[in-house]
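Enquirer: Okay, here's the prediction I keep looking at, along with the sequence it came from:
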Amino acid sequence: MKKYLLITATMFLAVSFLQPDTLAQRTKLAQAGMKFLSVPTDARATGMGETFTAIESGSAALFYNPATMAFGDTRGDVSAGVNKWIADINYVYSSFSLQPADPSWGKFGASVMAVNYGDLLMTVVDGTTERGYRDVGTFTPTAIAIGVGYANALSEKFSVGGQVKYVRQNLGVSPISFDNTGKMLTEENSLTTLAYDFGIFYKTGFKSLNFGMSVRNFSTEIKYKEDGFQLPLNFKIGVAMNLMDFFPSLANQHSFLLAVDVSHPRDYPEQLYIGGEYNFMKWVYLRGGVSFPNDEKEYNLGFGIRPELDGIKMAVDYAYTPFGIFSSVHNFTVRFEY
């Protein structure tokens, strides 16, 4: 198993660093498009500062590390939520997972994330006006990502998982010119592509210490007009552990999950993520997390409850993120387990 883990880890490092770019190109920053794929979704993960690479979870794993979906004490779950992002941009997301009757078949899942950017003003150059341009209406950009994922535990300690995503971004129409009748001629700016996520998850055997790695948004280069760009590829490694393992007398009523992730994204410098989740009686959850270096995002806070109604397990989570000069971000998620 250790040999297999070493081979897999080497493969992940190769995928992350040995892109078809040259070394000079890899040092560029802000060279990725379709950045909506990098915005956090699940409120539990967001409340913990997005330190979710090495944490067992349900279908929310499809947004972070698909391999962690293989483990869990439920056959599956359904979740939905909204992330009220900066600049009045709203992200709506949903996911579900299902384990067939035979656990050896693994778990199947699906995810979707859609973005509402709102209406934006559309203008054209016009030298006859005082401003040098004139308004010609509005346009509404949209974006969506739909994924199908799978995870399987190859042993009691080790799992692998992956996801294929259909990604589409529509930046609306742009004016080109006017015909003889004064009618505005436009063209649509939209792109579609496939993106791939995959990960591994390993239970070390030392108490509850877990290790995980993931690669997200792997794809070919795409372009709107002339300049091509890549999706926001991100390689993450992380560890997580319940610190109450060291205090057996408290473990029945309390847990404190500490997680640390290191991120190597394509389009900005490496970042360190540290997050924690305190749980009392598997009922009330308090969360917090930080990441650095950052320009505007300061920290993450969150809480959750897990009531059980008429035999149906559910979870309600909320996360709050102050964003400096921008408005604060609020993230809500509701999940049902079966």
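Expert: Structure received.
Enquirer: pLDDT below threshold where in the chain?
Expert: Within the chain, the segments meeting pLDDT under 70 span 1-30, 177-178, 182.
Enquirer: Report the contact partners of the residue positioned nearest the centre of the chain.
Expert: What sits nearest the mean C-alpha location of the chain, by CA atoms, centre = their mean, is Phe63, with 4.1 Å. Phe63 makes contact with 40-42, 45, 93, 95, 111, 113, according to CB atoms under 8 Å, 6 or more residues apart in numbering. Using the backbone N, CA and C atoms, a C-beta is placed for each residue, glycine as well.
Enquirer: how does it look with 7 Å?
Expert: By CB atoms under 7 Å, 6 or more residues apart in numbering, Phe63 lies in contact with 41-42, 111.
Enquirer: With Ala54 instead?
Expert: Each residue near Ala54 by CB under 7 Å, 6+ apart is listed here: 201, 210-212, 238-240, 259.
Enquirer: out of these, who's nearest Asp126?
Expert: Gly238 (52.9 Å; CB to CB).
Enquirer: Phi, psi for the closest one please.
Expert: phi -160, psi 160 (degrees, to the nearest 10).
Enquirer: again with Leu250
Expert: The phi and psi values for Leu250, taken as degrees, to the nearest 10, are phi -100, psi -10.
Enquirer: Could you verify my assumption that it touches Met244?
Expert: Yes. With contact defined as CB atoms under 7 Å, Leu250 counts as touching Met244 (5.6 Å).
Enquirer: more neighbours, those two?
Expert: The residue with more neighbours, out of Leu250 and Met244, is Met244; 20 against 11, by other CB atoms under 10 Å.
Enquirer: Would you verify that that one is located in a strand?
Expert: No. Under the criterion used here (DSSP: H, G, I helix; E, B strand; the rest coil), Met244 is helix, not part of a strand.
Enquirer: residue contacts, it?
Expert: Applying CB under 7 Å, 6+ apart, we find Met244 in contact with 250-251, 254-256.
Enquirer: and which of the contacts of Phe63 is nearest to Asp102?
Expert: Nearest to Asp102 among these is Ser111, at 23.5 Å by CB to CB.
Enquirer: Tell me, how many residues neighbour that closest one?
Expert: Other residues close to Ser111 by other CB under 10 Å number 25.
Enquirer: Extract the CA atoms of the helix or strand where it lies and return them as CSV.
Expert: Ser111 belongs to strand 107-116 when elements are defined using DSSP states H and E. Below are the C-alpha coordinates for strand 107-116, written out as CSV (Å, rounded to 0.1, in the frame of the first residue of the first chain):
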residue,chain,number,x,y,z
LYS,A,107,-20.0,5.7,-4.9
PHE,A,108,-21.4,7.7,-7.8
GLY,A,109,-22.1,11.4,-7.7
ALA,A,110,-23.0,14.5,-9.6
SER,A,111,-22.5,18.2,-9.1
VAL,A,112,-23.7,21.4,-10.7
MET,A,113,-22.7,25.0,-10.1
ALA,A,114,-24.3,28.0,-11.9
VAL,A,115,-23.4,31.7,-11.7
ASN,A,116,-25.7,34.8,-11.9
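Enquirer: For it, which strands pair with it and how are they oriented?
Expert: Applying DSSP bridges, strand 107-116 is found paired with strand 90-98 (antiparallel), strand 142-153 (antiparallel).
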